[in-house]
Every structure is written in structure tokens, then in C-alpha cells.
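Provide a 3D model corresponding to the input given below.
(4 chains)
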4 protein chains.
Amino acid sequence: MTSTFGRIFRVTTFGESHGGGVGCIVDGCPPRLALTEADIQPDLDRRRPGQSRLVTQRQEADEVEILSGTFEGVTLGSPISMLVRNKDARPGAYDNMRDLFRPSHADFTTEAKYGLRNWQGGGRASARETIGRVAAAAIARKILAQVAGIEVLAWVSEVNGITAEVDQNEVTLEQVEADPTRCPDPVAAAAITAAIDQARRDGDSLGGVVTCVARSVPAGLGTPVFGKIDADLAGALISLPAAKGFEIGSGFAGTTMTGTSHNDAFEPGDDPASPTTPTNFSGGVQGGISNGMTIVTRTAFKPTATISSPQKTVDRDGNAVELAAKGRHDPCVLPRAVPMVEAMTLLVLVDAWLSQQTVDVL
Amino acid sequence: MTSTFGRIFRVTTFGESHGGGVGCIVDGCPPRLALTEADIQPDLDRRRPGQSRLVTQRQEADEVEILSGTFEGVTLGSPISMLVRNKDARPGAYDNMRDLFRPSHADFTTEAKYGLRNWQGGGRASARETIGRVAAAAIARKILAQVAGIEVLAWVSEVNGITAEVDQNEVTLEQVEADPTRCPDPVAAAAITAAIDQARRDGDSLGGVVTCVARSVPAGLGTPVFGKIDADLAGALISLPAAKGFEIGSGFAGTTMTGTSHNDAFEPGDDPASPTTPTNFSGGVQGGISNGMTIVTRTAFKPTATISSPQKTVDRDGNAVELAAKGRHDPCVLPRAVPMVEAMTLLVLVDAWLSQQTVDVL
Amino acid sequence: MTSTFGRIFRVTTFGESHGGGVGCIVDGCPPRLALTEADIQPDLDRRRPGQSRLVTQRQEADEVEILSGTFEGVTLGSPISMLVRNKDARPGAYDNMRDLFRPSHADFTTEAKYGLRNWQGGGRASARETIGRVAAAAIARKILAQVAGIEVLAWVSEVNGITAEVDQNEVTLEQVEADPTRCPDPVAAAAITAAIDQARRDGDSLGGVVTCVARSVPAGLGTPVFGKIDADLAGALISLPAAKGFEIGSGFAGTTMTGTSHNDAFEPGDDPASPTTPTNFSGGVQGGISNGMTIVTRTAFKPTATISSPQKTVDRDGNAVELAAKGRHDPCVLPRAVPMVEAMTLLVLVDAWLSQQTVDVL
Amino acid sequence: MTSTFGRIFRVTTFGESHGGGVGCIVDGCPPRLALTEADIQPDLDRRRPGQSRLVTQRQEADEVEILSGTFEGVTLGSPISMLVRNKDARPGAYDNMRDLFRPSHADFTTEAKYGLRNWQGGGRASARETIGRVAAAAIARKILAQVAGIEVLAWVSEVNGITAEVDQNEVTLEQVEADPTRCPDPVAAAAITAAIDQARRDGDSLGGVVTCVARSVPAGLGTPVFGKIDADLAGALISLPAAKGFEIGSGFAGTTMTGTSHNDAFEPGDDPASPTTPTNFSGGVQGGISNGMTIVTRTAFKPTATISSPQKTVDRDGNAVELAAKGRHDPCVLPRAVPMVEAMTLLVLVDAWLSQQTVDVL
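Numbering: from 1, shown residues only, chains lettered A, B, ... in the order given. Predicted coordinates:
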């Protein structure tokens, strides 16, 4: 344990990178939502490897099957189980990993915890596990759009120090998807593309930052102590493979401001009950609860641990060994991290939104 | 909801800044642990306001009473309830807050969610709520030291851009507590002190960063997907008041490194089963599971929202108003945030350590 | 663990029979409910020992204090902490229990689990722990009455084979409270009183059955698999001290009927969407979900383990010893079990009702 | 929600009687347990319809596939997902159920809650959902046998008033499985067979009681308040389709005994730390915690709601209609309920056993 996320819209994922398949059960999805595989597949396709020369060449259709929870095209209110079969089994491709621990992977820690591992890949630590999350989040996306017009959008805002200029309020999904980098600033996208190509040639890898906005979130989502929406987002986003840092609103940069400049002064809004703030250093969350402004987060991803250069490591007996160079690798996961960041943000928001329904009852 | 933290060592806090009192119930504490109020009070004293001229002058003894769960000085295995009475009720001190929303506080969001608030202070969003967390964590600290020799230590590493030089491996509690700033670099501490004094004179406030290490954590704590120890730490630390950013290991800085330099190469350790890494960009966690190296996090805190300068805001009817200057305030919460950061880190670790006991059973 | 009940309206109790006090935290109570100690105390008074010569003579005021979660007489939406101090400490009264295990009490099992116990009474297994449950349920009662007109009422329907004749549809709280036995059939009540008096003279004890109805429960509460309302009631009621059996609707008697007579035929109701059933062998629940008919349960309580006759047992070293006769005891807990049964029923229903709010959102 | 059972060994089931399939995810299974489909299939075969003329003729292989969580024949510690495809789709067989509510089924309550249902069968309320539980419990059975020698065995002890004489201490699985009734008393089994045959001819159905024992359970499992092992068993067993009553130990019969005869006197055991009780009215549980004696429960199942005689009911518009006679039905679910009762008992025990590992750590 624990493979379950959420309090009300509860997602339990299963599956390793190798084995029968990956997927999830979504428990707590409201009934009477129109839902078929066609609602899920597009987000899985965005997450899938092999979409362009920029990302890993592992070719898998990742076709999702809904096993339960729907009837005549609508949700029943019962658990929605979704399955994606594993197909790209290349016997022997991982044989050299059987007895050694790849640096900065989960090989050693998995064995330290469980006493064994599926050495034919990353097991549960593989990004392939996120298929279940992305599939579940596609449902969340549909609910949030339908009930509250909430839109969640992420993009690559930085790779290896190359920073994009993006208007957080105006950027669209089309702009993000227009380039394989998922960086909506064409100038930065070109530089990032060149950097990724160079890293591949060098047998090296790059990290970066994904920015995510959630627009039209009503005020009142989240709870004051352990269900803070910013804390839930932090936990959700750092749970993604390779994530090492999280910011909401002003983040680390805000620590060099002072209170007089950092405080978001309230101004009357169109609706007397909904004041607005011209600045948004809070990132849409105050005291753990959404304030009606756009929620803005930044998640840092380290350079991919899989590189094709030789590396020093140890084997299972504790002997020093060298991990030989390997052929192909994905030098930058950032474009594929975008739908994963959206997925975790959507899962946090749908749960907070549903939880709110139990508050306004008297 | 939700006011409960943890899966096995479960802490439920209660209490607002004003009202009868604050505290917690700790459910799942193992039996036969020697425990009295004397084990709890020191950490509460570190968290308490009024310890020095640097922090808020609200004077409260914050004396803890254990109401249940112990017998003849040891834990029973039953829920440990702890209570700290609220004492510093200054009737009228908050009267001007009844009908307006302080900028970047939780006043507006609390009302947006619940339709009312205890306007005599910050309510659940007050740092006073953390008394329950710190009290619970004092128990966790004792357990972790006893069963595994784990030590958790935090300090102020940055205030308003003033950065401390600290040896993460050698710094001690004594060095941290030697200065009211809780910055163990004397030069930085002096500069921080001056900056805080100036901010007080300016009616302004400052933010900063708290670094926290967990030493002697065995490999194997945490789980691969939603119970990742780094994700749990992120969620735990961002749940602290005013926290806006989180990093583990290389954090955001790691995004400008490449895989060849960022990967932590394994070397044989003294114990063949325990390889070590000369570098620690992973921050002690790989794939969500501890790897035996020191766990290192950094948490960013924004400048305190409470300032004594006048501010623009709105009232409950949506009208623009000015929040008048007020007398006293705490211009920098960083020193008091140190025991809170330790507390949340301890709560994550004790839960992960206890969870591990259910894995090694076959 | 686990001391927490409920998914949304979450009640965590604390406290042993001896020690500082007992109580609970209620997390997830909706805001803006008028609530003071005056709403809680009456149910505690019904639960309290010493109400009549029929029940134990331990005299405790059991006065509740609300420590948090309310402001100006209404709930805030934050955790409601309630405390009842323990007062009846009679040093020495339990000295003979230090080293031996009372038959059919939790003394032995507590030590088997935890390696120690508070031998000055029943510890967590004491009926005194139910104070926290009854206090929390008083809030649930108020919510359910307010939002849906739901009424929960229990009574003593059987003691030691003496069976009461009660019209489940018409019986009122006043009728139940009219007699110290809480049996609303005066003839049976008189016989039960005589039986209890005789048991006291004999140094013996009696068991019985508490029937509970929940009226005006709307159709749709509960979930189909692990949150079935009948299963939740079973778990809740068997968690009461001394409970050994549970029935809903036809219960064990239904096993001798056949399907043609046991099935509750639907008839059109006043509202086309609300059919009714002239029979109610289902006990108001079908497939785990309420059907709009009255929910009817029966809970069996064994004869109280505390008797004043001498008994054979063993001491902590495993030696055979005799537990000497003791002076006073409560020969029949049934009257006091009535408010406990209501409490657990209320906690199940309020949680199911609040959960339902997350279903009807599309 | 909620489709998840357990705190540590967490089972989430999915699937309706009609649709893609049914199954479960088991999260929290310890690693390094030898496990293949061959460990699961036998229990599924016992649960399966069509095993004899006594039970429903629906013919499904119910072949289980393990989709994740094992590698080279052992568990990985990661979630174990298991799938059984639905095969027996008889289009049109349920057409007459589209617009009316079968008496004492979950048709009406499902629609009352969710606003729709999969009318091609019982949906989530179908006994087919228990496939996921039985599959998960087969793993629990293996763990409990391996770590503690615990054995769980159930049998049909009563059908329509015909009562079996069974020695609870000596009865074996072979004896239970020797007859299609799963009643190990041959005389009673013959009478039950005749009664079932008669009920089929009458278009009627029968109820009964399943007794279950758990042998070699160590003292110390369960917790004192809301994790009581008897309460968890009650909730687990009443969650089975058609269950209406639960008893542990003396149950309802114990209410006519007195304390002097009902108390289980302790006697010294072979091990001084393990006293025994010659009587076992407690049913192996005292104060919610196992005492080392055999755990004994009885679960009452009502007569099956599905009968082939015509019945009065209403349609979705609230009109009175008659549900026509249908061809085939299973007149008594008791034999198939036996593996389901074992399954829920195993799930409670494995969770309690694993939880205990977090207690004995100091």
C-alpha cells in the first residue's frame, strides 16, 4: 500500500511496466455521466511514449478498455475499472538489470523495501503506472467542466534553464499541443528541441519545469488543515515520477518579497460575494482553500535517470560494477509529464469539489 | 474535514486560535512507550510565540495536558488525547476584523466555504492549530529515536534572500537553538536579525526557507505510488501555514543539471546490503522510497500576511475598505516554523516506519 | 487504532474509564448548525449510570464541555472537540484486579494485545468510552432531524427472555423514558424490573435485546457493496460493549420463511417515485440501500460480565485463582444500552446522508 | 463509493453482473508470497453457480486472470489486480426487468440512489460481485495459514428450520464439501436437499444459516473500539447479499442466560501466557479482541428474492404491475454463501493480523 488517491473520488491504480497490464478502479464517480472509452483515450494518447522523435520510441497503442461502471454509455455510480494491456514485452531487453541497481532509479529502494523486484523494467516506479491516473483524470476533467466549467491546463515552462514566456491567463490547449515539446512559446520550444536533440546525441538527459493552471475554480474548495488544496496538490504532484520540487503562487521567489508587496489586496468583484485580487501571489489558494482566482503551480522534474552513457553502480551483492551504455532512451520526460501534471491536478480538484457538497447542507 | 493526518499513527487536531483550546488525538501509538507531559512540553515551548523579541509577543504558557492513553507513565496503545487551553483572549482586539477580510489571510476563503468564521483570529488557519501537530510529533520523535535512531532537525536557511551556510551533515540542535533566529550560521543569523528588526519598524514582514534533514532513516520507508515519502513530505509541509514551496534533494536547481551529473552513483557500503551514494541529489528518496541517505527538504514560507501597515481590502458586503494599521505583529514566522517543519517530517516518518512493519511478515 | 468511525462525519473517541477524561472529536460536521452543550447533555444524561436503582450506582455528573468547533452558538465546520472529565476515582477499588483477568471481560485480551492495561477499570473496553459516541451522535441527531426529519428511537424489547409487546410504528420517546427499564410495554417492564432486582440479590446479571427504529429515512442512503447501510449498522452496533448479535428486518426468524412470503411486494405510494411495501421483512434496507420504509434492527446484549459472585480465573502468571465476590454491580446494562444503540444508528445514518450529497451532483 | 474493504490488506472490488467483467485490486499484500491463478481458482470454483442441480444453472467458467502484482510466481508487494470476464450474456433474458422493480431486490433502491441501473441483472447487488471478494480472500487464506496456521471453515448449519448437528471443533473441509448442500451433517443434508427440490418445484425459495469457525487465531487480534474483530466480522458478513442476521458466540441465545453461567471462566493453559476457557460463549472474542479460542459466527440469509412465481410490484412510473413467473432460479443460495462467508472472515482476519504488526514494535 498505498495505491489509492482521493477521499470521495477514489482512484486505485494497479500494474507494473511489465506484466499483464496497467489501469485503475475509480470509485465514487457520480452516476449519469456520459462516458465511453472515447472520453479517456485522448488523454492517454497525450501521455503515451512514441508521439514524436522527442520522446521514447517504445511503441504501445495503450488502448483503454472500460470493464465496469458504465451502462448504455453513462456511468452507473459503481466502480469504473479500466484496463490497458502491456504489449511491448521485449524479452531480454532488461536482462542486464536483473542483478544491478540503476543509479537514481527505484531499483535499489524497491529491493530494500520488498526484498525483490520485477527487474524487467521500472515496476510500479515506471511512468507506465501513470496510465491509470491519466485515465481516471479524464473522467475528472469531464465532471469538472460539466459542473463548474473548471479547466486545467499544463505546459512545459522550462527545460534545462531555457525559460518560456507564456501568458498564464490566455494560453490554450491548442497552443500547448502545437509543438512536440508542449512548450507554447515558439522561441523557447525551438531552443528546447535543440537541447533535447543534443542530449540524445550526448547520451544524456534533461530536466525542467511544468506549469499548471486551473481556471474558473470556485472559491471554497479545500479544507483548512490536512485537506488544504495546495498541500493536496503538492502531495499529488510530487508523487509523479522524477518530481523534485513544487511551488504554488509565488513559491520560492516569494520568500524575497515583503508582506506589503506580497499580500494580494482584495478589490470588489462583479459579484459582491466574490472579491478579486489584481495580484495573485497566493496562486489561487489562501489558508488551503481556493479563493476564486486561477490556481497556479510549478513542478520541477529532475533530468531523467535513464541515460545511455555508462555509469558506476553496485550489484545485488554489493559489488561495484559498471552499468553499460544502452541504446535508446528518452532524454527529456517533460512533454509527457504535462498530461500527468494535469491528471493529478484534476484528481485533487474533483475530490475537493465533491467534498464541498457535504458542507453546504444546512 | 479533514483534520486527520497519517495512516497508522493517526493524528487528529482540533481547535481554533480562539475558543476553549487546541490539541489532538493520537491514535495508533504503540504501547509501552514511556511518556509524560515532560516529553511533549519542550517541543511546544519551541513552537510558542513570545520566546524572544523576534517573534510575536502573544504570551501563552501553552501548557499541555495528556487526557488519555497513558497509565503509570507509559502509553497504553489507546488514543492519546492532549489539550492546551487557550488563554490569551483579548476581547475587542479583533473587533475590526468582524466584517472585513484581511488580504492573503484565510478570512475570505473560510467564509466562502463555510458561510461564517470565528473572526476573533485566524480560526483553524491560525498557526495556533499546529500545537496539536507539534505535540503529536513529540511522541513520533521519541518512537523514531528509540526504534531506529532517526533524528529530524530543521533550521532557518534563508530569510528575505539572506542565505545561511550550514553543513547539513554536522549541524546540531544546539547550534540551531543557539540563536533566536534558529539560523545556525552566526553571520547570516545576525543579518537576519537586523532584517527582522527593520521589517518590524517598517510595519512589514519577511519570508524565507526552512531546511530539514532526517538522518539515519533506514532504506525502505515509503511506498511506490501514492504513499511516496517525498510526496507525503510535500503534502505535509505545504499544509503548514504560509508554506508556498517544497523541494527534496536537488529540487528546482536540479532542473538545470543533466542526467550524467545528477544521477547518484552507487558505491559499495560497509554493509553489502547498503550501498551508499557520494552525492545525494535524490535527497534520500528514490522512487518514493528512502534509500538510506539523509533526507533533505526545503520549504518556502511567504512573508507573513499580518502586517501593521494599512491595506486595501473589501468587507463582507463586497465594499472596498481600508484595513487600518494595527499595533503589534510578528514580522517573520521562520524561527517558529522550524519546530513545525520538524513536526510534519516526524509525522510522515513515523507513519512510514510503522507501515513498513506490515510488509516484512512472510 | 482504530478509534475513528465514519467516512465524512468522522468521530474519533478517546479516553479510558480511569484517567483524565473521555470524549471525542467530530470532524466533518456541517457549519451553521446551532449547537451548545445543552444539545449534548440530555443524551449523555440518558447514558449515565446512577439514573435509577436499576443501574450502577457510580455517580458521575458526566458534564460535557465543547472545546472547539463552535462560535457564538453555531458550528464553524471545524472539528468539534468534546470533553467529559473522569471524576469517580475510588483509589483502591480495583486493586484486586491488578494481577488477574476477570472472566469474559477484556482484561486478558487487552494484555495479550498491548502487553499492559490500565487495571483500574475496563480501560477502553469500558462502557464509559461510549460517552464520546453518544456526544457525537447528539449532533448527528440534530442534523438528521433538521435536514430530513429522520427520527431514531430505541427501547428494551427483551430481558432474559421476557419479551415486550411494542408497536414499532407508534412507540414514542416519552413511552420509552417513562420507565427506568426503557421498556415501553408496562407489563414487560414490571417483569423486567423484578428480574433485575432478583439478579442483583443473586449477585448475577441479565442480558437482553434492544430494538431500534429509524423513521422517515429517505430512499437512497447506503452503498451497494462495502458501505451497505445494514452492514454499517451491524458493524456499528456490534462495536458496543457486550453486543453479541444483530438482526435487520426479519433477521434469524426470516430464515424459516420462504421467498413468496418474505418478499416485500411493492405498492404504489402517494408519490409515484416512492412505492411502499405493506410488509417490511427487509427492515427498510434492500441491497444495502434504504428503501424509504422504517429501518428496524435488533441487537443482542449478553449478561453483564461483572457479577458479584466469586468466579474462577487465572492471574497474570497463568495460575488458577478465585476472583472474590465484590460489592456492587449493575445487573443489567440494557436500559443504558438504549442511548448507545441510538447513537451508533445515528452515526451510521448521518454519514450515509452526507455521503449521498456527493452522488446527486450531475 | 465505497467499494474498498480493509485498512492494510485493502480489497477494492469492481464489476456488475453484466458488463465486461468483475474482479478486484488487492493493495497491501506482503511481498514474496508464492501466488498464481491456481491458488485463487479453487475458491472461485466453490463460489461458482452451476456446481450441482441444487444451485443456479448459469454456466460460467469464472476463470481468473492475475493482471499485476506478481512476478515469477511470487507477489511483488504491489497491487494485485484480478479479472474474471463476464460470459453468460443472454440478450433479452432480462428485458422484462427494464421498467419494473423486483420485490426485495435492489432494483428500486439502486434507482432511488443513482437515478438509473443496469437492469440486465442485479448490477453491483448481484452475488457475482463477490467474485472479487472470494479471489482476494484466497490470498488472505494463504497468508494466514502460512504465518499463523489460522484455518477458516464455514458450512450450512440450517436451512428453512432444518438444523444440522455439527461438531464445531472437528468438522473438516472435506466433510463440508462432501455434499452439494455444504451441510456436513448427512441427515440434515438429505432433508435440506429434499426441501430445496420441493422449493424449486414450488417456484419458491429458502433461507438459512451459515456457521463459520476460525481456528488457531492467536490472542490479540482486533482493537478495542471501532476495529473490534467481532464488529468487523458483523459488518463484513452482513455486507453479503441476502444476509439479515449475525451472531458471535452465544448470540441471541445468550440473552436468556445469566452472567454466572455465561461468563467463560479462565483456566491455566499449557502456556502460562495463554489461559483457556472450557466454555466459549464469547465466541473467541472479548472486548473486541481475539482471546485465542475458536472464533464462531452464525450468519442468517433470507430466502432468495428471486422466485419463479408471479409477484405484485410497481413499475418505474409507480404503477402497480405483476412480475410474471420466470423459468429458472436458484431456490437456496446457502451452499454458495459458504465460500463467501469464509471470504469475508478471512479478509477481516488478515487485516487484523497485519495491523497487529504495527503494535508490537517497542
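
Could you tell me how many residues sit around the residue of the stretch 1-150 of chain A found nearest chain B?
Going by C-beta to the nearest C-beta, chain B is nearest to A:Ala106 of the stretch 1-150 of chain A, at 2.3 Å. Heads up, the C-betas are built off the backbone N, CA and C, glycines and all. Neighbourhood size, A:Ala106 [other C-beta atoms under 10 Å in any protein chain shown]: 27.

Now do the contacts for it.
A:Gly122, A:Gly123, A:Arg124, A:Ala125, B:Pro224, B:Gln286, B:Gly287, B:Gly288, B:Ile289 (C-beta atoms under 8 Å, 6 or more residues apart in numbering or on different chains).

Now it: closest residue in space that isn't a chain neighbour?
Leaving aside its sequence neighbours, A:Ala106 sits nearest to B:Gly287 (C-beta to C-beta, 6 or more residues apart in numbering or on different chains; 2.3 Å).

So which of the contacts of A:Ala106 is the closest to A:Ser81?
Of all the contacts of A:Ala106, A:Ser81 sits closest to A:Arg124, with 18.4 Å by C-beta to C-beta.

Can you verify my assumption that the closest one contacts A:Gly19?
No: counting by C-beta atoms under 8 Å, A:Arg124 stays clear of A:Gly19, with 10.2 Å between them.

Among the two, which residue is more densely surrounded?
A:Arg124 (29 against 25).

what's near enough to touch that one?
A:Gly15, A:Glu16, A:Ala106, A:Thr110, B:Pro224, B:Val225, D:Leu76, D:Ser78.

how about those in CSV, adding secondary structure and pLDDT?
Output for the contacts of A:Arg124, formatted as CSV (DSSP: H, G, I helix; E, B strand; the rest coil; pLDDT from 0 to 100):
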residue, secondary structure, pLDDT
A:Gly15, coil, 97
A:Glu16, coil, 94
A:Ala106, coil, 96
A:Thr110, helix, 96
B:Pro224, coil, 96
B:Val225, coil, 97
D:Leu76, coil, 97
D:Ser78, coil, 97
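
nearest to A:Ala305, of the residues you listed?
Using C-beta to C-beta, A:Ala106 comes nearest to A:Ala305 of those, at 8.9 Å.

number of nearby residues for A:Val361?
Residues near A:Val361, counting by other C-beta under 10 Å: 16.

ditto for A:Ala325
For A:Ala325, using other C-beta under 10 Å, the count is 12.

before we move on, what about A:Thr130?
24.

Could you report the pLDDT at it?
Note for A:Thr130: predicted pLDDT of 97.

That one should be in a helix, yeah?
Yes: using DSSP: H, G, I helix; E, B strand; the rest coil, the assignment for A:Thr130 is a helix.

what about it, distance to chain C?
To chain C, A:Thr130 is 25 Å away according to C-beta to the nearest C-beta, to the nearest Å.

which one is that residue nearest to, not counting chain neighbours?
A:Met340 (5.0 Å).

helix or strand for the one you found, which one?
helix A:334-356 (DSSP states H and E).

Show me what counts as buried in that helix.
Within helix A:334-356, the residues that qualify as buried are A:334-356, counting by 16 or more other C-beta atoms under 10 Å in any protein chain shown.

which residues touch stretch A:140-153?
A:9, A:29-30, A:33, A:35, A:39, A:43, A:171-173, A:176, A:212-218, A:342, A:345-347, A:349-350, A:353, C:361-362.

rerun that using 7 Å as the cut-off
A:9, A:30, A:33, A:39, A:171, A:173, A:176, A:212-218, A:342, A:345-347, A:349-350, A:353, C:361-362 (C-beta atoms under 7 Å, 6 or more residues apart in numbering or on different chains).

same thing with stretch A:347-362?
Here stretch A:347-362 has contacts from A:5-9, A:11, A:133, A:136-137, A:140, A:143-144, A:147-148, A:150, A:152, A:214, A:217, A:220-222, A:229, A:232-233, A:236, B:113-114, C:8, C:30-33, C:77, C:146-147, C:354, C:357-358, C:361, using C-beta under 7 Å, 6+ apart.

In helices only, show me those residues.
Those of the contacts of stretch A:347-362 mapping onto helices are A:133, A:136-137, A:140, A:143-144, A:147-148, A:229, A:232-233, A:236, B:113-114, C:146-147, C:354, per DSSP state H.

follow-up on the earlier one: relative to A:Trp119, how far out is the residue of the stretch 1-150 of chain A closest to chain B?
Computed as C-beta to C-beta, to the nearest Å, the A:Ala106 to A:Trp119 distance reads 11 Å.

Check A:Arg141 too.
On the measure of C-beta to C-beta, A:Arg141 and A:Trp119 end up 35 Å apart.

got the contact list for whatever residue of the stretch 201-350 of chain A ends up closest to chain C?
Closest to chain C within the stretch 201-350 of chain A is A:Pro224: 6.8 Å, counting by C-beta to the nearest C-beta. Residues in contact with A:Pro224 (C-beta under 7 Å, 6+ apart) are A:Gly287, A:Gly288, A:Ile289, B:Ala106, B:Arg124, B:Ala125, C:Ser78.

Now do the strands in the stretch 151-300 of chain A.
A:151-159, A:162-163, A:208-215, A:243-248, A:285-286, A:289-290, A:295-301 (DSSP state E, counting those that start in this stretch).
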